[in-house]
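Participant: what follows is a protein structure lacking sequence information:
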């Protein structure tokens, strides 16, 4: 199967491509390799993917593309004609969106428009795209269910992700483009992003530097290990055609529109201070902590209801927080040695 994966040098994108290379797939990966965080980590991910493709004698083609560029995006679709599109490219970072909202408009909205319009033109079998748990915003009801209100985003990043969901539904309704939006909940693991808490905390604890913790560490996150998140995404590929899933989809979609949202999370929220304690136990160094007030735009707690994921694809989290953090720390020490 020919699959286009955007954001293939990013954290989740890298792991998705790595998993897809285990099967008989032809992968076209695109990424802009922007400088939001260390480009060397992105290049390291690409190096690993190229080596795996070579060793397994599989096809992995990488193209550096700015997806907000209409013509360049169109050219990728015309040249490679993917059957499935997995759109994971985006400007990440909740806090950064408070400083640079126009970057999010370009990379998360304009780029998504280019992607989904070309999916329509080419009549792709399916578009799977990354949404985010941040769309739940000020929603105080928990656990968060896919049908809960998501019209109170707390930052512009969340607003762009909600926009993607609305745009996808519109295209599915008008043009019958099959689309699935995955609301990922705080995905973590080896080769993770340097702007994420686990990476920053690990780096500073090992360097005996301060770590900054907002809200006294009392806010909770539904930490989801990368392998579990990727397994869920892989199981959703071509789901509208799978005999065991297709009848179930009919029970959850609205008005026969081939689009649905699905939560992928651990469904076990952990307070940040307990997360830090688990990290401390793994590293063996007591962290120096500076507590700060609650940060503007920060969601207090996230908690995924994953009944839909269990119903559709038998989703199950296999990785404990202790094991996940251990795997990350082992990778981090090796990468920075």
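Facilitator: Cool, the structure landed. Computed from a prediction, not measured in an experiment: that's the story for all the values here.

Participant: C-alpha from now on. contacts and neighbour counts both.
Facilitator: Will do.

Participant: ok, now how distant is residue 134 from residue 302?
Facilitator: The spacing between residue 134 and residue 302, counted by Cα to Cα, to the nearest Å, is 8 Å.

Participant: same check on residue 94?
Facilitator: In this structure, residue 94 and residue 302 are 14 Å apart, going by Cα to Cα.

Participant: between the two, point out the one with more neighbours.
Facilitator: Between residue 94 and residue 302, counted using other Cα atoms under 10 Å, the more crowded position is residue 302 (28 against 17).

Participant: the nearest residue to that one once chain neighbours are set aside: how many residues sit nearby?
Facilitator: Counting by Cα to Cα, 6 or more residues apart in numbering, residue 302 lies nearest to residue 221, which is 5.1 Å off, once chain neighbours are set aside. Under the neighbour criterion other Cα under 10 Å, residue 221 is assigned a count of 24.

Participant: got the contact list for residue 258?
Facilitator: When contacts are counted by Cα atoms under 8 Å, 6 or more residues apart in numbering, residue 258 is found next to 172, 173, 176, 177, 178, 179, 240.

Participant: could those go into a markdown table alongside pLDDT?
Facilitator: Compiled in a markdown table, the contacts of residue 258 are given as follows (pLDDT from 0 to 100):
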| residue | pLDDT |
| --- | --- |
| 172 | 98 |
| 173 | 97 |
| 176 | 97 |
| 177 | 97 |
| 178 | 97 |
| 179 | 98 |
| 240 | 93 |
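
Participant: of those residues, closest to residue 32?
Facilitator: Ranked by distance to residue 32 (Cα to Cα), the contacts of residue 258 are led by residue 179 at 23.3 Å.

Participant: beta partners for that closest one?
Facilitator: When bridges are called by DSSP bridges, residue 179 pairs up with residue 127, residue 259.

Participant: what about it, distance to residue 211?
Facilitator: In terms of Cα to Cα, residue 179 sits 40 Å off from residue 211.

Participant: settle it for me: which of those two has more neighbours?
Facilitator: The residue with the greater number of neighbours, taking residue 179 and residue 211 and applying other Cα under 10 Å, is residue 179; the counts read 29 against 19.

Participant: hang on, the earlier thing: in helices, which of the contacts of residue 258 appear?
Facilitator: Under the assignment DSSP state H, the contacts of residue 258 contribute 172, 173 to helices.
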